[in-house]
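S.K.: any chance you could fold what I've pasted below:
(one chain, ligands or ions: 1)
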Amino acid sequence: MSYNIAIDGPSGAGKSVLAKKLARKLGFKYVDTGAIYRSVGYYMYEHGIDVSDASAVEDALENVDIRLDYSCGGQQVLVNGVDYGDKIRLPEISMYASAVAAIPAVRKKLLDVQREAAKNHDTVMDGRDIGTVILPDADVKIFLSASLESRAHRRWLELLEKGVETTFEEVRADMQRRDHQDSTRAQAPCVPAADAVLLDNTNMPPDETLEAALEIVRAKLGELVK
Ligand code: DC
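M.R.: Got it, this is the predicted structure:
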């Protein structure tokens, strides 16, 4: 018997920071599904595929093999055996990831890859459709969100820290476009599952967000969490 915790929400809400901390605290495996879409987006970028052309992406996808590896502690996404590393985090790749994520054939191909990662393991998985599509029977579902201003501000600081030159206005505009694309697409839009607990962390520092999430987990899983 294994437990699954699903954390969904828009870009920049702090899902990955929260999911990683929760996983460490509980001794669960952390699965970052955004990294999988980003890796597919990077492959399309690298091969000059027009991601606004769904059939071109579908054709290219036939030559793509996706595997997840957890043998080094963290998660590695291997695209035809290659781990793209931090390159998938570049701002231009975010839009590629969001565009490929709207294509049904991409989501179909990644469905089993994600389910397999949660099978037989206690898992914290973050994404957009984990509670609604990937793990509809997850034991705990959290939908984490924050205001656009606050999410864009956090993402901008993160990018500055990594030495990526960009302005706050650019980051906010990109995020708004991605929010729109991710929440209005026909397949698996980013919306809370009916049984998800909503957590808005606009005015919460990360440690308070973790505490609030732990409360939600404790309420569902009880003694498992001290
Ligand atoms: O969480 P992230 O910013 O790394 O995700 C990158 C893109 O991938 C995001 O714009 C939406 C998409 N995505 C998705 O559609 N479904 C998921 N489960 C995870 C990410």
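
S.K.: can you show me the helices along this structure?
M.R.: For the chain, applying DSSP state H gives helices covering 15-26, 33-46, 54-61, 91-101, 104-118, 148-161, 168-184, 206-221.

S.K.: burial check on V133, number of neighbours?
M.R.: For V133, the count of nearby residues is 18 (other Cβ atoms under 10 Å). In short, each C-beta sits where N, CA and C put it, glycine included.

S.K.: and it, how far from A188?
M.R.: Going from V133 to A188 by Cβ to Cβ, to the nearest Å gives 5 Å.

S.K.: please apply the same query to V31.
M.R.: Taking Cβ to Cβ, one finds V31 at 16 Å from A188.

S.K.: of these two, who's got more company?
M.R.: V31 (26 against 19).

S.K.: in the sheet, who's paired with that one?
M.R.: M125 (DSSP bridges).

S.K.: which residues touch the residue nearest to R67 when sequence neighbours are not counted?
M.R.: Closest residue to R67 apart from its sequence neighbours, by Cβ to Cβ, 6 or more residues apart in numbering: L78 at 4.5 Å. L78 is in contact with I66, R67, L68, D69, counting by Cβ atoms under 8 Å, 6 or more residues apart in numbering.

S.K.: I'd say D139 and S2 touch.
M.R.: No - using Cβ atoms under 8 Å as the test, D139 is too far from S2 to be in contact (9.2 Å).

S.K.: so the two - more neighbours on which side?
M.R.: D139 (16 against 12).

S.K.: what residues does this protein have near the ligand?
M.R.: 11, 33-34, 37-38, 97-98, 101, 127-129, 178, 182 (Cβ under 6 Å from any ligand atom).

S.K.: rerun that using 8 Å as the cut-off
M.R.: Residues of the chain lying near the ligand by Cβ under 8 Å from any ligand atom: 8, 11-12, 15-16, 32-38, 41, 89, 94-95, 97-98, 100-102, 107, 114, 126-130, 134, 178, 181-182, 185, 188, 190.

S.K.: before we move on, the earlier item: let me have the contacts of L78 in a markdown table, extended by distance to T202 and neighbour count.
M.R.: Shown next, in a markdown table, are those (distance: Cβ to Cβ, whole Å; neighbours: other Cβ atoms under 10 Å):
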| residue | distance to T202 | neighbour count |
| --- | --- | --- |
| I66 | 34 | 18 |
| R67 | 37 | 13 |
| L68 | 32 | 18 |
| D69 | 35 | 11 |
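
S.K.: any regions of the chain where pLDDT drops low?
M.R.: Regions of the chain meeting the criterion pLDDT under 70 cover residues 223-226.

S.K.: list of residues touching stretch 173-193?
M.R.: Here stretch 173-193 makes contact (Cβ under 8 Å, 6+ apart) with 6, 8-12, 91, 94-95, 98-99, 101-102, 104, 107, 128-129, 131-133, 136, 141, 143, 148, 151-152, 155, 198.

S.K.: so K87 touches I93, yeah?
M.R.: Yes - with contact defined as Cβ under 8 Å, K87 counts as touching I93 (7.1 Å).

S.K.: so for those two, which sits in the more crowded spot?
M.R.: For K87 and I93, the more surrounded residue by other Cβ under 10 Å is I93, and the numbers stand at 20 against 13.

S.K.: isn't the more buried one up against Y42?
M.R.: Yes - here I93 lies in contact with Y42, judged by Cβ under 8 Å, at a distance of 5.5 Å.
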